[in-house]
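Peer 1: give the three-dimensional model of this entry:
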Amino acid sequence: MGDDGSRLDRELMELLNEVRVVLPGLSVLFAFLLTVPFTNRFTDLDRGQRGVFFTLFLFTFVSMLLLKAPSAYHRLRFRERDKEALMRYANVCTIAGIASTGIAFSLAIFLATSMVFGNLPAWIASGTAAAMTLVLWFAVPIARKVT
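Peer 2: Here you go, the predicted structure:
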């Protein structure tokens, strides 16, 4: 397993380092979202904004769940010589977690912008954020793979 084992170890470390970059921001967002319903301004949200808030809250949770799943898998299957399966699982979870994070960030931009400037600027800001996320996080790497 020599070279394959070294490659898998390196790939696992790369993946864990990538996830470490995303998790602190997500953790801060999630912690903040847990406090929002208990603030005075929460009652100012209309029904649509509350729906966006709840969706944002759920996508943030799902992002954290997906991005932490490889660590749980690794701990539960430690020393079972299952790194190839771990890497396949971790890759899928990480890509899904990154997608979910992009949606959560776009929803956060919508909610904050709608509170300050109204829904039309919020749609423009969050749509722009979603498009930028899609291009930078997905389209560029996929286009590079195709070429």
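Peer 1: number of residues surrounding residue 38?
Peer 2: 7 (other Cβ atoms under 10 Å). The way it works is simple: take the backbone N, C-alpha and C, and place the C-beta from them, glycine included.
Peer 1: need the residue closest to the centroid of the protein.
Peer 2: residue 101 (2.4 Å; Cα atoms, centre = their mean).
Peer 1: okay but that one is in contact with residue 65, surely?
Peer 2: No. Applying Cβ atoms under 8 Å, one finds residue 101 not in contact with residue 65, separated by 11.3 Å.
Peer 1: give me the mean pLDDT for stretch 41-54.
Peer 2: Averaging pLDDT along stretch 41-54 gives 94.
Peer 1: and for stretch 97-115?
Peer 2: 95.
Peer 1: please compute how far it lies from its chain's middle.
Peer 2: 10 Å (Cα atoms, centre = their mean, to the nearest Å).
Peer 1: can I get that stretch in CSV, CA atoms only?
Peer 2: Taking Å, rounded to 0.1, in the frame of the first residue of the first chain, the C-alpha atoms of stretch 97-115 are listed here in CSV:
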residue,chain,number,x,y,z
GLY,A,97,-21.1,21.1,2.4
ILE,A,98,-19.4,23.8,0.3
ALA,A,99,-22.5,24.1,-1.9
SER,A,100,-24.7,24.4,1.2
THR,A,101,-22.4,27.0,2.6
GLY,A,102,-22.7,29.1,-0.6
ILE,A,103,-26.5,28.9,-0.3
ALA,A,104,-26.3,29.9,3.4
PHE,A,105,-24.1,32.9,2.7
SER,A,106,-26.3,34.1,-0.1
LEU,A,107,-29.4,33.8,2.1
ALA,A,108,-27.5,35.7,4.8
ILE,A,109,-26.8,38.5,2.4
PHE,A,110,-30.5,38.5,1.3
LEU,A,111,-31.7,38.7,4.9
ALA,A,112,-29.3,41.5,6.0
THR,A,113,-29.8,43.5,2.8
SER,A,114,-33.6,43.2,3.0
MET,A,115,-33.6,44.5,6.5
